[in-house]
Each structure stands twice: as C-alpha cells, then as structure tokens.
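# would you be able to build a 3D model of this:
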Amino acid sequence: MKYLKELCNVYWARPENAFGIARCMQLLEKMNIKSPSLDLMCGHGIWSFIKAGGDFDYDFDCYQDVVHLNEYKKGVDIQNYFSKNYKPSIIRKPKYKIDYGLDWKENNLKKSKTLNFYKNLLLEDCNYKLSFEENKLSTIFSNTIYWVDDLDNILKELNRILKKDGYIYLVNYLPPMNDYLSFYKKQKFSNNWIKMVDRNRSTENKHIFTKEEWKNLFLKHGFKIEEYIPTHNQLFAHFWNIGLRPLAGQIIDMSKKLNKKEYYEMKKKWVSTLYNFFEPYLQNKNFTKIKQGKEVEAIFVLRKK
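Residues are numbered from 1 along each chain as shown. Alright, predicted model coming up:
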C-alpha cells in the first residue's frame, strides 16, 4: 500500500502516526502541488518528502537526533535538536520539489535542508507578517496550522500571498479527536493515566474547531471551502491517541543502545510487522468508514472567494 511502508519506517516508535498519516496521504493523492509552492510549518520535512514519493533506508528515521528522552512523558519536543550525525539515507528521491519550506524552529529547518527537497527554507513565526509578496504562491500546504497562536493573522497572510487561482490544503483536527479523554474519565481511569496518555496535547493543540467554525473563520478571511475531506473516524482517534505513545520514549532510548547493524536489522523486521498489521485496517472499508459529523480530522481545500 502506497506510503505505508515508508511511514512505518520513519515513525516506527510511534506506529499510530504511520497509520494515521498513511490514510491522510491516500486522501491527498489528488493534491496538485503547483509552483510556486509552500509547506507551511514544514517541521523536519519528512512528512512532505514521503508524500512526494521519497523513501529512506532502514537506518534513518525521525529519531536520529533526539534529546531529553527522560522528559518525553512531560510532552517535551525530543526532536528539537540537530547535529552532524543527522544524515538521511535516501534510497528514492521525491517526484517533485517544494519551492518554500517555512518553520519557526531552526533545528527543523536544518533537518529539512539535509533532504534537498525544499528549494528555499525560511525561518519565520506564523504569528507575524510573512516575507512573501502579494499573490506569490499557487499552492500552500499545512498539517499543523492549528498550532499557530494567531489564526486571524496567518489566515489573513495566506489570503494575501495566495494567487487568485491558487489552492490551500489544510489538515485540521475536529472536536471529536479529544472525545477519548471524556470517555476514559467516565470509565474512572485515574488522572495520572489521563496525563500519561495526553502529554499536554489537549491544551497544546490550540485550535480544534467544528467544521462550521472553521468554515466561518475561512469566510471571514476571504476563503471558500472548495472541498471537505474527512480523514479519520472515532476508532482511529482511540488508536492514535494511545498507541505506543506512553512507551515511545523508552523504546527509542533502548534502540540507541544498538549498533548500526543491529539497529538496521531491528528496523527491517519491525517495519515488516507494522506494515502487515496495518495494511488490512487501511484496506477494510468497515474500519475507514466515517459517520457524518463524527470525523476527528479533515482536509480543507480552500480557494479565494
């Protein structure tokens, strides 16, 4: 299945991410990246690199340069670090490049640079005016816009820099994504258990709105929804919100004690197991079917009004 193997490789210690992103990428298959293009809040670039058809060998993944693993349970960003040891093993280049990758973390941009996937990398804060001129971009993509503090500012900026015939693709969470918290609270799970699984995400994911609330916000800033694509159902939400999340820090820490050959062989077997486990779920419509209004995430395709 397209994308799944590559995602199982790079997100092996957080396989719930591989599962969820694979489904999202499948639904974005028709996304046309027309130049000039922008990956807004691009992170380490691996997400978009794989979406563009890139692939890595087993000795590379998201956990090559990580720090503070002992603080993982507190919600610390263990990937906000970069050293000379970060060297992607690319075995298949992407089918296209993105013109601009923008992020507010310098270490993310350093990691993105090693991919040779973005033609330009920009260190900017999305809460302020962006450096692009008006009507500059044909395609803008972001799967993390809900992290931006000032949504009014960034949407105003996106309208300013998007061409009249351009497209914006946004992947946003919807309120049912956090329903698992109330579910487990009703089942009398302890506060410590909730805290361990949540890792501050329910408060750090700043903007989780309903479809109608997103629509009104987009209209306010001069956009119309060209297409609305639900991605995941409640079953996925439970799976993704727990997964191996509580154990990921310890698993990564243990893997760091392996030599290069041992790490490679471990990853190869691990990825094979994950792929064989997830593939039936993504193929079976009973597990991907979404009841109207129960979606936990959706893709919003926007155009200027």
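
# could you pull up the mean pLDDT of the strand ranked longest in the chain?
Criterion DSSP state E: the longest strand present in the chain is strand 162-173. Mean pLDDT, computed over strand 162-173, is 97.

# parallel or antiparallel, list what pairs with it.
Applying DSSP bridges, strand 162-173 is found paired with strand 137-142 (parallel), strand 297-304 (antiparallel).

# any regions of the stretch 201-305 of the chain where pLDDT drops low?
The stretch 201-305 of the chain contains residues with pLDDT under 70 at 203-204.

# ranges for the strands of it?
223-232, 297-304 (DSSP state E, counting those that start in this stretch).

# buried deepest among those strands, which one?
With neighbours taken as mean count of other C-beta atoms under 10 Å, these reach their highest mean count in strand 297-304, at a mean of 20. C-beta here means a position set from N, CA and C on the backbone, and glycine is covered the same way.

# and the angle from it to strand 223-232?
160 degrees (axes from the mean of the first three to the mean of the last three C-alpha atoms, to 10 degrees).

# contacts for strand 297-304 next, please.
With contact meaning C-beta atoms under 8 Å, 6 or more residues apart in numbering, strand 297-304 is reached by 20, 24, 27-28, 159, 162, 164-174, 177, 211, 214, 218, 222-232.

# look up how far Pro175 lies from Lys294.
According to C-beta to C-beta, to the nearest Å, Lys294 and Pro175 sit 11 Å apart.

# mind checking the SS state of the nearest residue to Ala248 once chain neighbours are set aside?
Leaving out its chain neighbours, the residue that sits closest to Ala248 by C-beta to C-beta, 6 or more residues apart in numbering is Ala13, at 4.9 Å. At Ala13 the chain is in coil, as set by DSSP: H, G, I helix; E, B strand; the rest coil.

# and Ala13, what does it touch?
Contact analysis of Ala13 by C-beta under 8 Å, 6+ apart lists 61, 63, 244, 248, 251-252, 255.

# recalculate using a threshold of 10 Å.
61-63, 66, 244-245, 247-255, 270 (C-beta atoms under 10 Å, 6 or more residues apart in numbering).

# circling back to that earlier point, so for Lys294 and Pro175, which sits in the more crowded spot?
Lys294 (15 against 12; other C-beta atoms under 10 Å).

# packing partners for the longest helix anywhere in the chain?
Using DSSP state H, we find that the single longest helix of the chain is helix 260-283. Helix 260-283 sits against helix 4-10, helix 15-27, helix 234-242, helix 248-255, helix 285-288, with contacts defined as 3 or more C-beta pairs under 10 Å, 6 or more residues apart in numbering; DSSP states H and E.

# of those, which is nearest Trp147?
Set against Trp147 and scored by C-beta to C-beta, the helices and strands packed on helix 260-283 come closest in helix 15-27, at 15.9 Å.

# same for the helix or strand immediately after that closest one in the chain, what does it pack against?
Using DSSP states H and E, the helix or strand that follows helix 15-27 in sequence is strand 37-40. When contacts are defined as 3+ C-beta pairs under 10 Å, 6+ apart, strand 37-40 sits against helix 46-51, strand 98-103, strand 118-123, strand 137-142, helix 151-161, strand 162-173.
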